[in-house]
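Colleague: need a structure here:
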Amino acid sequence: MNTDIQGRAVHLAGIREKAGAEMERIGIDAAFIDRLVDTFYGRIQAHPRLGPVFDGRLAGRWPDHMEKMKRFWSSVAFKNGAYGGKPVQAHLGVEGMAPDLFPEWLALFSETLADIAPSDEAKAWFKATAERIAKSLTLSLFYNPALEDPAKKKV
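Modeller: Residues are numbered from 1 along each chain as shown. As a prediction, this is how the structure comes out:
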């Protein structure tokens, strides 16, 4: 059993090493993650539709949220396990949350990347990752299979 634990540790270290090398190759470091989160959420707060939804949930807790999002993006980029939260549960019951906000969130994220990403590869990586996250959250929060009409599906 100890060998299994050691093997898993070696495997995880390899994943982190590979992720770190990839991020370094495209110009991503911890300072960029901080700048991305600070810039993006500053823009979120000023956004006419997204700002009120986020502020309704985070009023008085923005600094904690910013640190959590830095850990989240660090974990996603560097595979370092810095974030251990539950994103779907965190978004359940947020007043004003609607599926049509996700494209606006993605557009603002893309604009932020266009302004600050250190390379085209970094911009593409973060954009694709954000798109997967938005799709996953949208499906988790709003998809209802009971609303699917099999008669309308094309085979």
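
Colleague: would you map the helices across this structure?
Modeller: Along the chain, counting by DSSP state H, helices occupy 2-25, 30-46, 50-58, 62-78, 87-91, 101-116, 120-142.

Colleague: output the fourth one as CSV, nothing but the C-alphas.
Modeller: So that's helix 62-78. C-alpha atoms of helix 62-78 as CSV (Å, rounded to 0.1, in the frame of the first residue of the first chain):
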residue,chain,number,x,y,z
TRP,A,62,-14.6,40.7,-2.1
PRO,A,63,-11.0,40.3,-0.7
ASP,A,64,-11.7,36.7,0.3
HIS,A,65,-13.2,35.9,-3.1
MET,A,66,-10.2,37.4,-4.9
GLU,A,67,-7.8,35.2,-2.9
LYS,A,68,-10.0,32.2,-3.6
MET,A,69,-10.1,32.9,-7.3
LYS,A,70,-6.3,33.3,-7.4
ARG,A,71,-6.0,29.9,-5.7
PHE,A,72,-8.6,28.5,-8.2
TRP,A,73,-6.8,29.8,-11.3
SER,A,74,-3.4,28.8,-9.9
SER,A,75,-4.8,25.3,-9.3
VAL,A,76,-6.2,25.1,-12.8
ALA,A,77,-3.1,26.4,-14.5
PHE,A,78,-0.3,24.8,-12.4
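
Colleague: state the distance from residue 116 to residue 110.
Modeller: Here the criterion is CB to CB, to the nearest Å. By it, residue 116 lies 11 Å from residue 110. All C-beta spots, glycine's among them, are computed from the backbone N, C-alpha and C.

Colleague: now residue 143
Modeller: 24 Å.

Colleague: the more surrounded of these two?
Modeller: More crowded of residue 143 and residue 110, by other CB atoms under 10 Å: residue 110, with 16 against 10.

Colleague: so what's the residue count around residue 125?
Modeller: By the criterion of other CB under 10 Å, residue 125 has 19 neighbours.

Colleague: try the one 3 residues further on
Modeller: As a burial measure, residue 128 scores 10 neighbours (other CB under 10 Å).

Colleague: low-scoring stretches of the chain, by residue?
Modeller: 1-2, 147-155 (pLDDT under 70).

Colleague: wait, doesn't residue 91 sit right on residue 139?
Modeller: No. Counting by CB atoms under 8 Å, residue 139 is not a contact partner of residue 91; they are 12.0 Å apart.
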